[in-house]
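> Provide a 3D model corresponding to the input given below.
(2 chains)
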2 protein chains.
Amino acid sequence: MLRTCAKRLRTLGSPLGQPGAQRRSFSSEKFIHKDYALPNPSWSKDLRLLFDQFMKKCEDGSWKRLPSYRQNFPEKIQEFQTLYLDSSLAKGEQHAQQFPRSLDVGLGFEYVMFCNDVERKVLCFLQVGPHLQGTPGFVHGGAIATMIDSTTGMCAFRAGGIVMTANLNINFRSPIPLCSVVVVDSQLDKVEGRKVFVSCNVRSVDKKTLHSEATGLFIKLDPDKSLKK
Amino acid sequence: MLRTCAKRLRTLGSPLGQPGAQRRSFSSEKFIHKDYALPNPSWSKDLRLLFDQFMKKCEDGSWKRLPSYRQNFPEKIQEFQTLYLDSSLAKGEQHAQQFPRSLDVGLGFEYVMFCNDVERKVLCFLQVGPHLQGTPGFVHGGAIATMIDSTTGMCAFRAGGIVMTANLNINFRSPIPLCSVVVVDSQLDKVEGRKVFVSCNVRSVDKKTLHSEATGLFIKLDPDKSLKK
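Numbers count the residues shown, from 1 in each chain, chains lettered A, B, ... in the order given. Down below sits the predicted model:
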C-alpha cells in the first residue's frame, strides 16, 4: 500500500521539487542508486527474451521501461512527508529498503516493468526466485500478491498520480513453480473522482496457464485530506 | 498459496509418513532446522510482551505456539509431492526458503503464531522490519498480504487439513509504520465441503488502529483431484 508514491519519487523526474536537486543526488557518493530493472546473470533465457522484445518496443516511444531502486531518494522522502504525512507516523527509514527489492539478486523477485500510457497498461516480467517459496516447489501467495500490488499500483499511478491501495482482490487459479517466469499484465479500467480501478492477470510466458486474476482499487492522495493527523 | 501445506509438513507430527523418520531428520547434521518463532535480540518490547503473555496462555493447553522454519523437511517434501503433485511441475527446491522467513533476522518479518483450536483462531504477532518498505516509512501492501495469507492459511489448515488459497480479498484501512508491531487476528468462519472460509483483521498492539481487514477462501487438497496432471 502506498508504495506507488515511492515509485513516483524514484522513477519520475522531480514532480514535487527541483529537478536540479534530484540530479545532484544521483551523482552523490553518499546516495548511489542502482537500477535493478536491468538484466543480471541470474536472469533466465525467458526473462531476457521478454526484456529484449520490449526494449525494441520502447524505440518508437510507445512503451517505456521503468527503472527500479532499493532505496528512496532522501530529498523526495522529505518532500513526500511534508506534503502527505504527519512525520510522526513514519519511522525506521534510515535502514529502509523497498520490499520487492529486499532479497539478494537471483533469490527473490527479479523483474522489470514496462508501461504504455496510451493503452493505459503496465506489464511486469517476473522471475520468481527460490526464496519466495510457499508450498514445496511453488511460490507463496504473498509473493504473488506483492507483485500484483506493485504492478497494479504502478498502473494506477500512471493514470491518477500519487495513490494508495484501498483494496486487492486476488483469485489464485494455478500455482506458480519456483524459478519460473510469469507475466503480470495490468490494465486501467476506470477513474471515478479519487478512485482508480485496475484489473490484472498473471500468466505463464506461453500464455497457456492463467495463474491468478485480480482487481485493485486505489485512492488518489490529497494533501489536505489523506494522511495528516 | 498452498503454503499451508508446507507449514503442516513443518509443524505437525508426521501426518503423511512415519514419525521415526521425521525425528531422525531433526538430529541429522545435514538438515538442522532452527525454529524462528522464538525471541531474538531484534524483537521489540511490544513483541516480547505479547509473546510472554501468550506463552502463559499455553500453559493450560488452550493456546499453542506454532514453530516456524526456513526450509522444509526433505522427507516431507517427497511425501507431499508423491501424494499431491505431478513432480514435473515443481522445481528449484534445492535452494528454496520459506518466503516469510527469507529476510535476515530483524530486517523483514519477525513473527510468532499462536493457535486456539477450540476457538478456531490463529493469531500472528508481527514486527515489520525496515526491508518491508512500500511508501517511505510504511509497510508495502504485499508484505501485509503475505502475513494475512500465512495466518489465514494456517487457520484454514487447522480446521481443514492441507489447503490451498483460492481467494484473498484485502481492504487496506490505515498504513502500517515500519518497525512497528501489529496483531494479525484470524478466525475460521465456516467449512462447506472442500471450501474453508476465514476472516481476518490487522490491528495495532493497543487495538486502536484497524490497519486491514480481509477474507480468505481456501480449498482442501484432494490427492485424486487437486494438482496432478
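> Just the buried positions in the helix or strand harbouring A:V202, please.
Take DSSP states H and E as the rule and A:V202 turns out to sit in strand A:195-204. By neighbour count with 16 or more other Cβ atoms under 10 Å in any protein chain shown, strand A:195-204 contains the buried residues A:K195, A:V196, A:F197, A:V198, A:S199, A:C200, A:N201, A:V202, A:R203, A:S204. Any C-beta I mention is one placed from the backbone N, CA and C, and that applies to glycine too.
> The second one and A:Q98, how far apart?
Distance check for A:V196 against A:Q98: by Cβ to Cβ, to the nearest Å, it reads 21 Å.
> cool, the third one as well?
According to Cβ to Cβ, A:F197 and A:Q98 sit 25 Å apart.
> Any idea which helix or strand in chain A has the lowest mean pLDDT?
Within chain A, no helix or strand scores below helix A:19-27, which has a mean of 36 by mean pLDDT, DSSP states H and E.
> Heading C-terminal from that helix, find the next helix or strand.
For helix A:19-27, the succeeding helix or strand toward the C-terminus, using DSSP H and E, is helix A:45-57.
> Establish whether whatever helix or strand comes next after that following helix and chain B are in contact.
Per DSSP H and E, the first helix or strand lying C-terminal to helix A:45-57 is strand A:64-66. No - for strand A:64-66, no contact with chain B is found by Cβ under 8 Å from any Cβ of the partner chain; the gap never falls below 16.0 Å.
> what lines up beside strand A:64-66 in the sheet?
strand A:109-116 (antiparallel) (DSSP bridges).
> Mind checking if whichever helix or strand comes after the strand it pairs with is in reach of chain B?
The helix or strand immediately downstream of strand A:109-116 is strand A:121-128, counting by DSSP H and E. No - using Cβ under 8 Å from any Cβ, strand A:121-128 never reaches chain B; the gap is at least 8.6 Å.
> moving C-terminal of strand A:121-128, what's the next helix or strand?
helix A:141-160.
> Run the angle between that next one and strand A:195-204 for me.
For helix A:141-160 against strand A:195-204, the angle by axes from the mean of the first three to the mean of the last three Cα atoms, to 10 degrees is 130 degrees.
> next SSE after helix A:141-160?
By DSSP H and E, the next helix or strand past helix A:141-160 is strand A:163-172.
> tell me which element the closest residue to A:N201 other than its chain neighbours is part of?
Nearest residue to A:N201, sequence neighbours excluded (Cβ to Cβ, 6 or more residues apart in numbering or on different chains): A:E213, at 5.0 Å. Assigned by DSSP H and E, A:E213 belongs to strand A:210-220.
> Against chain B, how distant is the spatially most central residue of chain A?
Geometric centre of chain A, nearest residue: A:S150, 3.7 Å, by Cα atoms, centre = their mean. Going from A:S150 to chain B by Cβ to the nearest Cβ, to the nearest Å gives 7 Å.
> residues contacting the nearest residue to that residue once chain neighbours are set aside?
With Cβ to Cβ, 6+ apart as the criterion, A:S150 has its nearest non-adjacent residue at 5.6 Å, and that residue is A:P100. Residues in contact with A:P100, defined by Cβ atoms under 8 Å, 6 or more residues apart in numbering or on different chains, are A:S68, A:G108, A:F109, A:Y111, A:T146, A:M147, A:S150, B:H140, B:G142.
> 7 Å instead, please
Residues near A:P100 by Cβ atoms under 7 Å, 6 or more residues apart in numbering or on different chains: A:F109, A:T146, A:M147, A:S150.
> The second one: how many residues sit nearby?
What it means is A:T146. A count of nearby residues for A:T146, using other Cβ atoms under 10 Å in any protein chain shown, gives 28.
> That one touches B:V139, doesn't it?
No - counting by Cβ atoms under 7 Å, A:T146 sits too far from B:V139 to count as a contact (11.3 Å).
> List the residues that contact A:L132.
A:G108, A:V139, A:H140, A:A143, A:L178, B:F99.
> Show the model's pLDDT score for the nearest residue to it once chain neighbours are set aside.
Excluding the flanking residues, the one nearest A:L132 by Cβ to Cβ, 6+ apart is A:A143, at 4.1 Å. With respect to pLDDT, A:A143 has a value of 98.
> Against B:L107, how distant is A:A143?
17 Å.
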